[in-house]
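>>> give me a 3D structure for the following:
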Amino acid sequence: MKQMAQSVYMAGVLIGAIVMGGLADIFGRRNVMLVNNLIVAVTGTCAAFSPSIDAYIVARFLLGLGIMGSYLNAYSLGLEWLDTRHRVLFATTMAYAYTTGQLVLAGLAYAVRDWRSLQLYVSAPYFLFFAFSWFHPESARWLMLQGRYKDALKWFEHVAKINSRNITNDLLSVEVLEKAMESSSAPSKKTYTAFHLLKLVELRRRTFIISLIWFATSFCYFGVAMNLQGFKVNIFLLMLIFSAVDFPATLIVLAMISLIGRRAATGTPLLLAGCTCIAVVFIPTDMEMLRTSFAVVGKGAVAGVFNTLFLVAGEIYPTVIRQVGMGTTSTMARVGGMLAPLVTISGEIYPLFPQIIYGGVSLIAGLVAFLLPEMLNKPLADTIEDLKCQKMRKSKRQANEEKAAATSLLVPKTIQESHI
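Predicted structure coming up:
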């Protein structure tokens, strides 16, 4: 029954990623986050006091749905309010908050053995989050794309006041916002769905790539984490090491994102994880310390990517379909998480099979990651038209670079001929 309740919860997470992302692009990030925080608070509390297993399972499903909707919209709001320089800092904060939450939950579960009390303790804070959400600014990007310039101006002034900034009308007004939108892209009230991720050429390639990376990252992450019994090391010590390695790994990957770009920072750790997983197969079983060290490095590498994928996924989609894109592609992580245990079970028949599969999938995803569009120091796109303009500018720049390279090859020959 525990497995069933957990499966239903994950089903709620999966559906929430798709449904809540679409609703946020229609009704706004703040409104949907507000509702989802209330859903988590109420359904989590109901689960703690559920009179039957049926009521508990229903509450867990709604809880999963609300959790994913809350996280997605919180992440999107952060991306859309921050400039390029601060996006990585925001991603770092979110990643460490997630990992810290896991450690706190482990300690709380150790101290509170009654599951109803534990469920209540982790759900009650969401009533505070719900109250706090009322004061969170709506995405000004989204409001402007809806043509709601007055509402966007209100939130701009609110944020400026919080930051103790005085902004005059010549710098920020409805007219200034309208002119800014006219120079970049026109307001769009068209509703986009997951179908458009495959229909539109500008989005299809990005969706396939990021979906594969989500799948491989989750598949390898949970696969390696669940294969602890395969190492002849104290399992509790290994669990502690596997959890602790997430902190430095995430910091390293986030530093790579700022220094060498999103593509290399995503692809390189996945290639490293794939190599370490496969290398474990060829290390003798009597060299247990070396095998464990390789596994820890692989787990850390894939954990670093896992904790930064929302940043990468959020940047490659325009504002009008960002939530749909992030939500839909992240569902592949749930698929990877569900398939990982099946591969681990196959290790009872073929002991080397799981490591080879985890490593192979990670290697493929690592190579494909280098096909992602590079977003280092680039502004977020707001509309599909913005993506088309970016593509045209990139093609023109590449053509100019090729022309310049061809010209440079001719220069030595010309100089040589002039001296004959």
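>>> residue ranges with poor pLDDT in the stretch 301-420 of the chain?
390-420 (pLDDT under 70).
>>> Ala313 and Ser76, how far apart?
As for Ala313, its distance to Ser76 is 10 Å (criterion: Cβ to Cβ, to the nearest Å). The C-beta positions use only the backbone N, C-alpha and C, and glycine is treated the same way.
>>> between these two, which contacts overlap?
Overlap of the contact sets of Ala313 and Ser76 (by Cβ atoms under 8 Å, 6 or more residues apart in numbering) consists of Met326.
>>> so how many other residues sit close to Arg205?
13 (other Cβ atoms under 10 Å).
>>> and the one 10 residues further on, by the same measure?
The burial count assigned to Phe215 is 21, neighbours taken as other Cβ under 10 Å.
>>> what about it, distance to Gly337?
If you measure Phe215 against Gly337 using Cβ to Cβ, the figure is 9 Å.
>>> and what of Glu374?
28 Å.
>>> for Val88, same thing?
Val88 is 26 Å from Gly337, by Cβ to Cβ.
>>> likewise Val13?
10 Å.
>>> between these two, tell me which one has more neighbours.
Val13 (23 against 20).
>>> residues in contact with the more buried one?
64-65, 67-68, 334.
>>> next helix or strand past the strand or helix carrying it?
Assigned by DSSP states H and E, Val13 belongs to helix 2-27. The element immediately downstream of helix 2-27 (helix or strand, assigned by DSSP H and E) is helix 29-48.
>>> next, the angle from that following helix to helix 2-27.
Angle between the axes of helix 29-48 and helix 2-27 is 160 degrees (criterion: axes from the mean of the first three to the mean of the last three Cα atoms, to 10 degrees).
>>> what comes up buried for helix 29-48?
29-30, 32-48 (16 or more other Cβ atoms under 10 Å).
>>> and the contacts of it?
Against helix 29-48 from outside (Cβ under 8 Å, 6+ apart): 16, 20, 23-24, 55-56, 59-60, 62-63, 65-67, 69-70, 73-74, 76-77, 80, 116-117, 119-120, 122-124, 126-127, 129-130, 133-134, 136-139, 142, 323.
>>> pull out the buried members of the residues you listed.
Buried members of those, scored by 16+ other Cβ under 10 Å, are 16, 20, 23-24, 56, 59-60, 62-63, 65-67, 69-70, 73-74, 76-77, 80, 119-120, 122-123, 126-127, 129-130, 133, 136-139, 142, 323.
>>> for Phe130, which non-adjacent residue is spatially closest?
Counting by Cβ to Cβ, 6 or more residues apart in numbering, the nearest residue to Phe130 once its immediate chain neighbours are dropped is Asn37, at 4.2 Å.
>>> could you report the separation of the residue nearest the centre of the chain from Leu171?
Residue closest to the average C-alpha location in the chain (Cα atoms, centre = their mean): Phe310, at 1.6 Å. Separation of Phe310 from Leu171 (Cβ to Cβ) stands at 32 Å.
>>> and for Tyr149?
15 Å.
>>> which of these two has more residues huddled nearby?
For Tyr149 versus Leu171, neighbours defined as other Cβ under 10 Å are more numerous around Tyr149 (20 against 10).
>>> what about this protein, any weak spots by pLDDT?
Looking at the chain by pLDDT under 70, you get 1-3, 168-170, 182-189, 226-236, 390-420.
>>> how is it partitioned into domains?
1-136, 200-379, 383-420 (automatic domain parsing).
>>> export those domains to a markdown table and tack on distance to Ile162?
Shown next, in a markdown table, are the domains of the chain (distance: least, Cβ to Cβ, whole Å):
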| stretch | distance to Ile162 |
| --- | --- |
| domain 1-136 | 10 |
| domain 200-379 | 22 |
| domain 383-420 | 28 |
